[in-house]
Each structure stands twice: as structure tokens, then as C-alpha cells.
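here's a sequence, model it:
(one chain, ligands or ions: 1)
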Amino acid sequence: MKITGIELRRIAMPLVTPFRTSFGVETERDVLLVRVVTPDAEGWAECVAMSEPLYSPEYVDGAADVLRRFLIPALPACPDVHAVGRALRPFKGHRMAKAALETAVLDARLRVAGQSLAAFLGADADRVPCGVSVGIMGSVPDLLDAVEGYVAEGYRRVKLKIEPGWDLAPVRAVRERFGEDLLLQVDANAAYTLADASHLARLDAYGLLLIEQPLAHDDMVQHARLATRITTPICLDESIESAEHAAAAIGLGACSVINVKPGRVGGYLESRRIHDLARASGLAVWCGGMLETGIGRAANLALAALPGFTLPGDTSGSHRYYATDITPPFVLQDGHLPVPTGPGIGVDPVADVLDAVTVSTEWITV
Ligand code: NPG
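This next block holds a predicted model:
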């Protein structure tokens, strides 16, 4: 499969409501799409880097730069699936950019082969249960209204974003209002330190599925210490950028659950390695989200259908974030989304919608 060229396309996607986390507020998603063109097929992928380096060191201008300057020129002319990772390995970091390039090549190859990404990865489910991530709100009544709407839509699990000053009260209120049966978890995005251990232990009373990334991303040892001070299972997100990190975290006892985000770990092949390792070690994994458009969402659904993904992921319906998605929208059915079955990621952008949100395109001949 000879690559003719690669398009880097920037699109601006307004969010239906602002999304606030402990590190910032998103109102519009600045997305970098990668399109790999070959004589026989095109492959699509979405780079999940955010506009600013607040979630991780990557940011979308930086991702575009490293792609055009280093990663695309390093690609072999006819890369097989594993050759992409090998060719990009000498370049440190930039996993979100690498993931986008590898996924676009993989999509093109799978389209030529007529195989779905889900089948390629070894998925065994045809639909996945969906969770929703609920941002930090201005007030508890506003939060309860938002959660009520998501529960009415059928979401199977609710994740509340927390930070110091917005933790016990919102969790207590949601638990009291929606009862013991609601699958509920929290995500701190690294907003606490080990000095907060006794405060975080007060969350143990609320039967949470897990607390995600309570401490700094490079603080695995302290996560292991925290795990001895709270009974809520610790899930790591930002700390896990590779299967090696996952092995270290498991060995240290720093987590008992892992949020797998393909962009954060450098792609779907690395995601599957983490899945396999966690499964062999008896840890649950679930598929995270980065406010993807339908392009990234489709691929995440394939991953979330692997057998070790035993907890609902942040695989929401398209309308959770976008009034009009760039692909046909993913719509919840009975709290689930269908796993795409078509070749590759199984979806294509809708040309006129894509054009309407496009801010720039850049063609790189390979
Ligand atoms: O549903 O796609 C989604 C978003 C889920 O909360 C979510 N993502 O830390 O996991 C996270 C968080 C995030 C959002 C991270 C924006 C980075 C940017």
C-alpha cells in the first residue's frame, strides 16, 4: 500500500455546552484530522491533542508541527501496520500525533483489506454500554439537572469531574438523588496531593466505582500510597502513556483500574497491549474519551468492544458534545452504541459538514 500523500485538516467544532475540568474550560474543540491517501483507499484519524498543553504536554499546533516536520517524513513508503510504530519510535513523546498517523494508515489498510478495526483488534461485542462525563458546574442544582438529563437519555454510568472545593458535596447530592444503583465515578485530573488523602477517604462512603487520576501524572509511588489510605479503587489516566507504564503501575499497586485512551498511549496497537496486560493481571480497563468527533469516536467504539473493557467508557453519543457531528451521529440505543462493522473505522466524514467546519488544510506529498 503506497501512500500518495497525507492531508492535515484543522476543524473548529463548537461544543453544545462548555465543558469544565480541574484544568480548564472547553467551549470549542480545535481538532486536527489526518487523512492518508493511497491509490486504493483513504484512511482517517483524529488527533486528540487539545489547543493548550493543560491535560498533557501535547497541543494541537505542536502535533501538526511534529507530524509535518518529523513523523510523516519518517514513514516508510509502503508501511505495514507495525512498521508505522517502528518508524516513529526514535522520536520521543508526541504520542497523540503518532497515534493519529498510525490510525490513519491502519484505517487505509483495513479498508483495502475489507476488515473492520473492531475485528482487527479482536473485539467480541457488537455494542458497548456508554458512560457520560459531567463537567464541573456552577452549582449542585445545575449538576443534578444535568445528570438527570443524561440518566433519562439512558447513560449507564456517570462520571463527575471533581476538584478541591467541588467533590464531597456534588458526589453526595448525586448519590442521594439517583440512589445506590447508579454506576458513579469521579475524575480529578490530577488536582490533589497525598496531603488530601484523608479528605479523599471521605468519598469512600459513596460507593464509587473508582476515583480517576487523583494525584499528579508523574506521581505513581504516591498513588500507591494513596491506595492504602482509601477504599475507592484508584484508576489511572494521565499517568499511563504506554504498556510499560501500565506494568509499572500494576507492579507498584498504584491502580486497580486503567482508563485507556488511544491518543494518550500512542495508538490502538499500544491500547491493545495495555488491555492484554491488564486482563492478564486481573485489572479492569475502560475506554476514555477526549471529546472526539465521529472519526475518533468510531475507532474508540471498536476498542471498547474488546473483552477486557469491562466498565462502561466515556463513549457518549455524538450529541453529548456536538449539535452536528462530521460523521453520521452516534445515537444511544438503550444506553449503548453500536460498534461500527464497516471496513476500517467504519465511518466517513460527511463532505459538506466537514467543509463547513474546516479552518485549514495542508497537503503533504509523501
Ligand atoms: O466524553 O469524550 C469525552 C470526554 C471525557 O472527561 C472526559 N475527558 O480527563 O478524561 C478526561 C477528560 C478530558 C477532557 C481530558 C478534555 C482532556 C480534555
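
for stretch 303-320, how far is the first residue from the last?
End-to-end distance of stretch 303-320 (CA to CA, to the nearest Å): 20 Å.

next SSE after the helix or strand of the chain with the lowest mean pLDDT?
Here the helix or strand of the chain ranked lowest by mean pLDDT, DSSP states H and E is helix 81-88, holding a mean of 94. Per DSSP states H and E, the first helix or strand lying C-terminal to helix 81-88 is helix 95-113.

is that following helix anywhere near the ligand?
No: Helix 95-113 does not reach the ligand (CB under 6 Å from any ligand atom); its nearest approach is 10.5 Å. (Glycine included, C-beta is placed from N, CA and C.)

tell me what that helix is packed against?
Here helix 95-113 touches strand 24-37, strand 42-47, helix 60-66, helix 81-88, helix 117-121, helix 262-265, helix 268-280, going by 3 or more CB pairs under 8 Å, 6 or more residues apart in numbering; DSSP states H and E.

now stretch 200-208: mean pLDDT?
When pLDDT is averaged over stretch 200-208, the result is 98.

circling back: so which of the helices and strands packed on helix 95-113 gets nearest residue 107?
For residue 107, the closest of the helices and strands packed on helix 95-113 is strand 42-47, at 3.4 Å, according to CB to CB.

just checking: what are the partner strands of the closest one?
Applying DSSP bridges, strand 42-47 is found paired with strand 24-37 (antiparallel).

tell me how far the partner strand lies from the chain's centre.
13 Å (CA atoms, centre = their mean, to the nearest Å).

again, but for stretch 189-204
24 Å.

contacts for it, please.
Here stretch 189-204 makes contact (CB atoms under 8 Å, 6 or more residues apart in numbering) with 21-23, 55, 161-164, 167-168, 171, 186, 211-217, 219, 222, 225-226, 229-232, 237-238.

these: which ones sit near the ligand?
Within the contacts of stretch 189-204, those near the ligand by CB under 6 Å from any ligand atom are 21, 55, 237.

for the residues you listed, which one is nearest residue 331?
residue 21 (25.3 Å).

about what we covered before: out of the helices and strands packed on helix 95-113, which is the most enclosed?
helix 262-265 (a mean of 28; mean count of other CB atoms under 10 Å).

model confidence over that one, on average?
Helix 262-265 comes out at a mean pLDDT of 98.

in CSV, list the C-alpha atoms belonging to it.
Output in CSV follows, covering the C-alpha atoms of helix 262-265 (Å, rounded to 0.1, in the frame of the first residue of the first chain):
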residue,chain,number,x,y,z
PRO,A,262,-5.6,5.5,22.4
GLY,A,263,-4.3,9.0,21.8
ARG,A,264,-2.6,9.3,25.2
VAL,A,265,-0.8,5.9,24.7
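
need the residues that contact it.
47-49, 56, 95-96, 99-100, 103, 237-238, 240-243, 268, 270-271, 274, 288, 290, 296, 299-300, 303.

now which of those would you call buried?
47-49, 56, 95-96, 99-100, 103, 237-238, 240-241, 243, 268, 270-271, 274, 288, 290, 296, 299-300, 303 (16 or more other CB atoms under 10 Å).

narrow the contacts of stretch 189-204 to those that are buried.
21-22, 55, 161-163, 167, 171, 186, 211-217, 219, 222, 225-226, 230, 232, 237-238.

list the contacts for the residue nearest the centre of the chain?
Centrality entry for the chain: nearest residue to the mean C-alpha point is residue 289, 2.9 Å, by CA atoms, centre = their mean. Contacts for residue 289 (CB under 8 Å, 6+ apart) come out as 133, 261, 297, 300, 313-316.

which ones among the residues you listed map onto strands?
residue 133 (DSSP state E).

for burial, what's the neighbour tally of whichever residue of the stretch 51-200 of the chain sits closest to the ligand?
In the stretch 51-200 of the chain, the residue that lies nearest the ligand is residue 133 (3.3 Å; CB to the nearest ligand atom). Look at residue 133: counted by other CB atoms under 10 Å, it has 24 neighbours.

swap in residue 311?
21.

how far away is it from the ligand?
14 Å (CB to the nearest ligand atom, to the nearest Å).

you'd agree that residue is up against residue 284?
Yes: counting by CB atoms under 8 Å, residue 311 touches residue 284, with 5.3 Å between them.

shared neighbours, these two?
With CB under 8 Å, 6+ apart as the test, residue 311 and residue 284 both reach residue 257.

need the contact list for residue 183.
Taking CB under 8 Å, 6+ apart as the test, what residue 183 contacts is 131, 156-158, 209, 312.

so which of those residues is the most crowded?
residue 131 (27 neighbours).

bridged to it, which residues?
Residues in beta-bridge contact with residue 131 (DSSP bridges): residue 157.

name the residues of this structure found near the ligand, please.
Near the ligand, when you scan the chain using CB under 6 Å from any ligand atom, you find 21, 50, 55, 133, 187, 189, 237, 288-292, 314, 316.
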